[in-house]
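# Give me a 3D structure for the following:
(2 chains, ligands or ions: 1)
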Amino acid sequence: MKLRRRHLLLTGGATVGLGVLGYGGSVAVCSTSKTVTAKMIRPLFVAIGDILEPEIIGRAWLSRIGTRALHTRIHQRTDLLAATLIPDPAQRRAELSDVIRRDFARDETEVVENWVVSEAEAIIAGAWVS
Amino acid sequence: MFFDGRQQSGLPETDYDLIIVGAGPAGITLALELESLGLRIALLESGGQEYDDDAQRLNEGRIEGNDDEYDLQFSRLRWLGGTSNHWGGHCAPLDSIDFERSPGGGLSGWPFGRTELEPYYKKAHDYCELGAYRYNAAELVYGDTSGFLLHDNDKVETTVIRQSPPTRFGEKYSDRLEQSANIHVWFWTNVITVRSDDSGEWAETRTLNGVNRRFKGKAVVLAAGAIENTRIVLFSNQQGGTRLGDEGGLLGKCYMDHPSAGAGFIHFNRPVGDLVYWSDSSAHADEGVPLHFVLRLTEAEIAKRNLLNFQYYLVPFADVPQKVRDRWRAAKTGVTSLKNVAKRLLGRDIPVIGTPRTFSDDYCDFIANADAIAAVQAERIFAQPGHKRVLLRFESEERPHRTNFVALDPSERDALGMPRPVLHWATAEDDLAAIRETVQVFGNIVGAAGIGRVQLEDHDDDPYWGTTTAWHQLGCMRMAESPTSGVVDANCRLHGSNAIYVASGAVFPTSGRANPTLTIVALTLRLADHLSERMQG
Ligand SMILES: Cc1cc2nc3c(=O)[nH]c(=O)nc-3n(C[C@H](O)[C@H](O)[C@H](O)COP(=O)(O)OP(=O)(O)OC[C@H]3O[C@@H](n4cnc5c(N)ncnc54)[C@H](O)[C@@H]3O)c2cc1C
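Take a look at the predicted model:
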């Protein structure tokens, strides 16, 4: 009987503990990844001045795809991520301009609020307003 | 020689080798081209040598659908020279792709390729006073393409529209027609019906003062413009219980124009200097023929994406703040109200959209927006070309749709007793969607070139999307080898007739993007060759 109660307590405790740990861990990891993403993409904002109507485009695009998809898209775009690592802002801006032009050349574009924008532009504008 | 068909007597016999109905660009070209064969030719013209109200009124008819800034009465003209008395003179041949693609919807395309028309295009240049038959933009600027927005590449190119003076065919060729011994121009002579039987080809005519005549020929050529040609054959079938050209139920169907409007803007990264596209550019070909430059997608790109053929005129545009846009909208409302006021005064019908409107609604709307109308007109006159952004004004191919058609009005007749025409025309949703897609493709090209961005004009909300006519009336008697797929055959002979032919934009199976008159004249010259062989054979 005693053994069984201890067992029961142990099992219950472990379950609750694991749950708390799991949940807490997940919250921590998720919030760090958001923060990491936010920190990571900040260098992209040097290109904001080159995007026409970034606020209108950013808001419209974000409300179309949602924040989660924005994060996924950012992580899929290795060319954008690579650009974030360029320390010199002028060089980074030039690289981003090339990335955007390559999008246009590959038809990776969308019409957002009647503007024909490249996917990279939409991502940067979306991240900027988020 | 000229004759007044209203006279009862003292006129020649009405038995001819060839009867041509209508003295516009097509009819005049055909008569002059065949003159040297010595054939006896009757050129029957509804009007006289000058404008006349009563004759012009014979053009009245209804448009169901896209009647914005468009009416049947003044989109065609009824006197010697026909509609060339006020055409704009912009000319270009159709593109090869227009002949190569079938238009879909179970309809056939052109029964021959562009090479078939090449020699006739060259000759048509003389009739339309267009100089050399050259359309390569880069060659025409001697390789100095610094005024091009984009370098020609596999996706996009700059091309040329040549400017005819514009040739007023009546004025230009009147003397030759008058002096010709074997061309008889019968003025004021309206063809009501045509008939084809074993004894020959017939045209019944009537004048506004009630003189009826019957003309007989070895061939009759309808050259009265797309809508009138169609009306004559529809009425002939109705009167005679025949089905000339209508075995496939296509007579009158597949009317086409070149839908035209503002598609979007290019916003440049930095102001651009003088480019060849600006309307005040003074580019000329060697022979002094003015040139207009337009942008278009290459044929390979159009084919790859299965888009409509189109061309963009680039119109420099001043920056437009919201309050100016509001003013445009107000001006548009004001102009529509003014039109409604005029229609009411003339006793015309006004389509009811939403809540019915009264005379005072329209009148007060016009008064309330009169200042905006004045301001917008003043802006148009005084605005300096801004080079930070340009409007992309498109003229697009329109697919042949059976839902766009010309029919006889069941209740309204003209002064000659002919049913008036009703044109059912609205740009189809899929065509608008295709036009929109081309703007996005173009936006991709502009973005890839790093020169700016393209902003589409909002379909529902913006004044520039008011798709309207380019004044090109085409289709209704489409050309196809088989009588069930078209109305005329590859020689432009009306299916089911012995020798009734059509010289007109009515026979186009597809419209392409080019202004049509050069092709109408080229097809007429080709028909002249065919008739010459037939008559001499
Ligand atoms: C405002 C405007 C601008 C244009 N600009 C251009 C341009 O820039 N480029 C271009 O390529 N095209 C342009 N066009 C189109 C051009 O005018 C036509 O393509 C051309 O005139 C067609 O020639 P057609 O001989 O077939 O017909 P039409 O010119 O219409 O001539 C038909 C003739 O037939 C006569 N007729 C009619 N019914 C009868 C009857 N029952 N019996 C006897 N005679 C009859 C008429 O009186 C007329 O003289 C424009 C048209 C308009 C309205």
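# Which element, helix or strand, includes the closest residue to chain A within the stretch 201-350 of chain B?
Closest residue of the stretch 201-350 of chain B to chain A, C-beta to the nearest C-beta: residue B:267 (5.9 Å). The way it works is simple: take the backbone N, C-alpha and C, and place the C-beta from them, glycine included. Assigned by DSSP states H and E, residue B:267 belongs to strand B:260-268.
# now that strand, how far from the chain's geometric center?
Between the centre of strand B:260-268 and the centre of its chain there are 23 Å (C-alpha atoms, centre = their mean, to the nearest Å).
# tell me which residues in it are buried?
By neighbour count with 16 or more other C-beta atoms under 10 Å in any protein chain shown, strand B:260-268 contains the buried residues B:260-268.
# again with stretch B:81-96
B:81-85, B:87, B:89-95.
# In CSV, list the C-alpha atoms belonging to it.
Extracted as CSV, the C-alpha positions of stretch B:81-96 are listed here (Å, rounded to 0.1, in the frame of the first residue of the first chain):
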residue,chain,number,x,y,z
GLY,B,81,-13.8,58.8,-96.9
GLY,B,82,-16.0,57.3,-94.1
THR,B,83,-14.6,57.2,-90.6
SER,B,84,-11.1,58.2,-91.9
ASN,B,85,-12.6,61.8,-91.8
HIS,B,86,-11.8,61.8,-88.1
TRP,B,87,-9.5,58.8,-87.5
GLY,B,88,-6.2,59.4,-85.5
GLY,B,89,-3.9,57.9,-88.1
HIS,B,90,-2.0,55.6,-85.7
CYS,B,91,-0.8,52.6,-87.7
ALA,B,92,1.1,49.3,-87.2
PRO,B,93,0.8,45.9,-88.7
LEU,B,94,-0.6,43.0,-86.6
ASP,B,95,2.1,40.8,-85.0
SER,B,96,3.0,37.3,-86.1
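# what about that stretch, near the ligand?
Yes: Stretch B:81-96 comes into contact with the ligand (C-beta under 6 Å from any ligand atom), by way of B:82-84, B:86-91.
# Over to stretch B:20-31?
Yes: Stretch B:20-31 is in contact with the ligand by C-beta under 6 Å from any ligand atom, via B:21-27.
# Can you name the next helix or strand after the least confident helix or strand in chain A by mean pLDDT?
Least confident helix or strand, chain A: helix A:2-41 with a mean of 61, by mean pLDDT, DSSP states H and E. The helix or strand immediately downstream of helix A:2-41 is helix A:54-65, counting by DSSP H and E.
# Walk me through the domains of chain B.
Structural domains of chain B, as assigned by automatic domain parsing, span the residue ranges B:1-62+B:70-129+B:167-255+B:473-537, B:322-371.
# Highest average neighbour count across those domains: which stretch is it?
domain B:1-62+B:70-129+B:167-255+B:473-537 (a mean of 21; mean count of other C-beta atoms under 10 Å in any protein chain shown).
# how long is that domain end to end?
End-to-end distance of domain B:1-62+B:70-129+B:167-255+B:473-537 (C-alpha to C-alpha, to the nearest Å): 27 Å.
# same thing with stretch B:125-139?
For stretch B:125-139, the end-to-end distance is 18 Å (C-alpha to C-alpha).
# who touches residue B:466 in this structure?
By C-beta atoms under 8 Å, 6 or more residues apart in numbering or on different chains, the residues touching residue B:466 are B:68, B:261.
# Need phi/psi at residue B:291.
Phi and psi for residue B:291, reported as degrees, to the nearest 10, are phi -120, psi 140.
# coming back round to it: now mean pLDDT too, for the domains of chain B, in TSV please.
Below are those laid out as TSV (pLDDT from 0 to 100):
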stretch	mean pLDDT
domain B:1-62+B:70-129+B:167-255+B:473-537	97
domain B:322-371	77
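# Export the ones you listed to JSON lines and append columns for distance to chain A.
Output for the domains of chain B, formatted as JSON lines (distance: least, C-beta to the nearest C-beta, whole Å):
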{"stretch": "domain B:1-62+B:70-129+B:167-255+B:473-537", "distance to chain A": "21"}
{"stretch": "domain B:322-371", "distance to chain A": "13"}
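# closest to residue B:402 out of those?
Minimum separation from residue B:402 across these (C-beta to C-beta) falls at domain B:1-62+B:70-129+B:167-255+B:473-537, 4.8 Å.
# how far does that closest one sit from the chain's center?
The answer for domain B:1-62+B:70-129+B:167-255+B:473-537 is 14 Å, by C-alpha atoms, centre = their mean.
# For chain A, what lies in contact range of chain B?
A:52, A:97, A:100-105, A:107, A:109, A:111, A:114-118 (C-beta under 8 Å from any C-beta of the partner chain).
# Most proximal residue of the stretch 351-500 of chain B with respect to the ligand?
residue B:471 (3.3 Å; C-beta to the nearest ligand atom).
# separation between that residue and residue B:258?
9 Å (C-beta to C-beta, to the nearest Å).
# Those two: which is more packed in?
Set residue B:471 next to residue B:258 and count neighbours by other C-beta atoms under 10 Å in any protein chain shown: residue B:258 wins out with 23 against 18.
# pretty sure that one contacts residue B:513?
Yes: using C-beta atoms under 8 Å, residue B:258 is in contact with residue B:513, at 6.8 Å.
# Name the residues that touch stretch B:447-458?
A:52, A:97, A:100-105, A:109, A:111, A:114-118, B:149-150, B:261-269, B:272, B:389, B:392, B:436, B:439-440, B:442-443, B:446, B:464-465.
# ok, which of those residues also contact the ligand?
Answer for those near the ligand: none qualify (C-beta under 6 Å from any ligand atom).
# Pull the contacting residues for the residue of chain A found nearest chain B.
For chain A and chain B, the shortest gap (C-beta to the nearest C-beta) falls at residue A:116, measuring 2.8 Å. Counting by C-beta under 8 Å, 6+ apart, residue A:116 touches A:109-110, B:439-440, B:443-444, B:446-447, B:453-456.
# which SSE is the nearest residue to it once chain neighbours are set aside in?
Nearest non-adjacent residue to residue A:116, counting by C-beta to C-beta, 6 or more residues apart in numbering or on different chains: residue B:443, 2.8 Å away. Mapping residue B:443 onto the secondary structure by DSSP H and E places it in helix B:429-449.
# Buried residues, that helix. List them.
Residues of helix B:429-449 classed as buried by neighbour count (16+ other C-beta under 10 Å): B:431-432, B:434-436, B:438-449.
# quick one, the next helix or strand after that helix and strand B:260-268 angle?
On the C-terminal side of helix B:429-449, the closest following helix or strand by DSSP H and E is strand B:452-456. Strand B:452-456 and strand B:260-268 meet at an angle of 150 degrees, taking axes from the mean of the first three to the mean of the last three C-alpha atoms, to 10 degrees as the criterion.
# Contacts for stretch B:137-146 next, please.
With C-beta under 8 Å, 6+ apart, stretch B:137-146 has contacts from B:134, B:147-148, B:151-152, B:157-160, B:276, B:283, B:285, B:291, B:293.
# Assign a three-state SS to the most centrally placed residue in chain A, would you?
For chain A, the residue nearest the mean C-alpha position is residue A:71 (2.5 Å; C-alpha atoms, centre = their mean). Three-state assignment for residue A:71 (DSSP: H, G, I helix; E, B strand; the rest coil): helix.
# Apart from its neighbours in sequence, what residue is nearest residue B:185?
residue B:43 (4.6 Å).
# Ok, residue B:486 next?
Closest to residue B:486 by C-beta to C-beta, 6+ apart is residue B:480, at 2.6 Å.
# ditto for residue B:390
Spatial nearest neighbour of residue B:390, excluding adjacent residues (C-beta to C-beta, 6+ apart): residue B:314 at 4.6 Å.
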